[in-house]
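> Sequence first, then the predicted structure, then my questions.
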Amino acid sequence: PYTETAVSAAGYIDACALGRVEPFEVTSVQNNRSRAPIPLPFSFRYYDVPQTFFAPATGAWGTFGTARPAGEPLSFETISSRQNLVAPYMLKVRDSMSVWLQMAGSRFCSATVGAAPNRRFAVEWNDFTVGTAGSAVHLTFQVVMHEGSNVIEFFYRQLEPTAGELSRYTDGTLADIGLVGPTGQPRIVHRGPVSTLNGIRFTPRP
């Protein structure tokens, strides 16, 4: 249902500067999520189904709809019952570092740019961390939705550290990245690393 292409990182939207900070709640270090689903500024067709809300979790993934998802880490192998899921950087549960922590300064942000009928809406995971307080990686990335074309993009601004032992958690090779449809299938899975130099674009097939 989608084709994947690389896209310039110039499309990144500074959601925290241009938009607003979305409140989120913490029920445990592994179960953080937005306090309420975020209303979309325009109807967005995902897998050709109109959507009006998006709920991010710190896993880091989000779902379309009005239900608030649990924020625990997942993997594509464990989400057979998950629907309408978007995974820009979902570290696999089986990995020993997949414990998400809310550090000082971590936040969700959202922003709308452009004018109808060509607006873009971004949801950003800003400076989220994985690991422990003394040994953590820092990640800032976002999902961007395009009005009209229903294109969805992933962009990555902060993937640190870029060297050393912890860098294997920041190049995307230990993460599940992609899209999951309204019935849990079909899944569109990105293969290979990610970079701050390029984003990933998913374009609906005609």
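Nice, thanks for sending it over.

> Select the helix or strand of the chain having the lowest average pLDDT value.
Least confident helix or strand, the chain: strand 31-34 with a mean of 54, by mean pLDDT, DSSP states H and E.

> any idea which helix or strand comes after that one?
strand 38-46 (DSSP states H and E).

> got a list of contacts for that following strand?
Residues outside strand 38-46 that contact it (C-beta atoms under 8 Å, 6 or more residues apart in numbering) are 22, 50-56, 64, 84, 86, 110, 112, 116, 119, 121, 123, 145, 147, 150, 152, 182, 204. Every C-beta, even on glycine, is put in place using the N, C-alpha and C of the backbone.

> This protein: helices as residue ranges?
15-18 (DSSP state H).

> spatially speaking, which residue is in the middle of it?
With distances taken as C-alpha atoms, centre = their mean, the residue of the chain nearest its centroid is Pro88 (3.7 Å).

> Next, find the distance separating that one from Gly11.
Pro88 sits 14 Å away from Gly11, going by C-beta to C-beta, to the nearest Å.

> ok, now Ile152?
For Ile152, the distance to Gly11 equals 12 Å [C-beta to C-beta].

> Compare those two (neighbour count), which wins?
Ranked by neighbour count (other C-beta atoms under 10 Å), Ile152 and Gly11 place Ile152 first, with 21 against 16.
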